[in-house]
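Undergrad: Test case, fold it:
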Amino acid sequence: SLAPAEVLQPAATFSLIRCDECTRCFKNKYLLAKHKARMHNRDQAPHMCAECGRTFHLREDMMAHSKTCTRVFRCICGFEGRHPITIRKHCEKTKHPRDLVTIIKKPREEDRSEGAPSSN
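TA: This is a model prediction of the structure:
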């Protein structure tokens with residue numbers, strides 16, 4: 001048996017912070033602030049992607065988007081996908097070799113519509 005000093009105490013409990021605009025609760029103020037920026041400030045999106053012009057409420061969302069904005073993965077069969085998981089699943093399903101997948105950079109949609117030369 002354990003001595004009184006060795007008795008384990010229950011884990012410290014934390015209080016949840018409730019959003020004052022909806023019913024969601026969060027572990028800390030940081031998560032609440034991210035939620036409010038994404039969900040309740042629809043009219044404000046100060047971060048813009050330099051490639052496509054899409055706007056984001058949070059800089060971290062824009063940075064994640066910019067990693068795949070104009071990048072496209074192309075399989076040897078011609079299939080294209082913007083995310084690595086898409087091309088991985090395609091290659092697994094079709095048994096195409098993943099090591100032959102190429103990464104290409106496509107121009108923005110508005111550049112294509114203006115007849116700009118393709119960079120492929």
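Undergrad: ok so residue 35 is a helix residue?
TA: Yes - the assignment for residue 35 by DSSP: H, G, I helix; E, B strand; the rest coil puts it in a helix.
Undergrad: so how many other residues sit close to it?
TA: 17 (other CB atoms under 10 Å). Yep, even glycine has a C-beta here, placed from its N, CA and C like the rest.
Undergrad: Hmm, residue 24 and it touching each other?
TA: Yes - using CB atoms under 8 Å, residue 35 makes contact with residue 24 at a distance of 6.2 Å.
Undergrad: I figured residue 87 hits residue 101, correct?
TA: Yes - checked against CB under 8 Å, the pair residue 87 and residue 101 is within contact range at 5.5 Å.
Undergrad: Low-confidence stretches in this protein?
TA: Low-confidence segments of the chain (pLDDT under 70): 1-14, 107-120.
Undergrad: Relative to residue 87, how far out is the spatially most central residue of it?
TA: Closest residue to the average C-alpha location of the chain: residue 64 at 5.0 Å, with CA atoms, centre = their mean. Going from residue 64 to residue 87 by CB to CB, to the nearest Å gives 18 Å.
Undergrad: ok so residue 30 is a helix residue?
TA: Yes - Residue 30: assigned to a helix according to three-state DSSP.
Undergrad: all strands of this protein, in order?
TA: Secondary structure of the chain (DSSP state E): strands at 17-18, 25-26, 47-48, 55-56, 71-74, 80-81, 102-105.
Undergrad: So for residue 94, which of those strands sits nearest?
TA: strand 80-81 (12.3 Å; CB to CB).
Undergrad: So for stretch 52-66, first residue to last residue, what's the gap.
TA: Its first and final residues considered, stretch 52-66 spans 9 Å by CA to CA, to the nearest Å.
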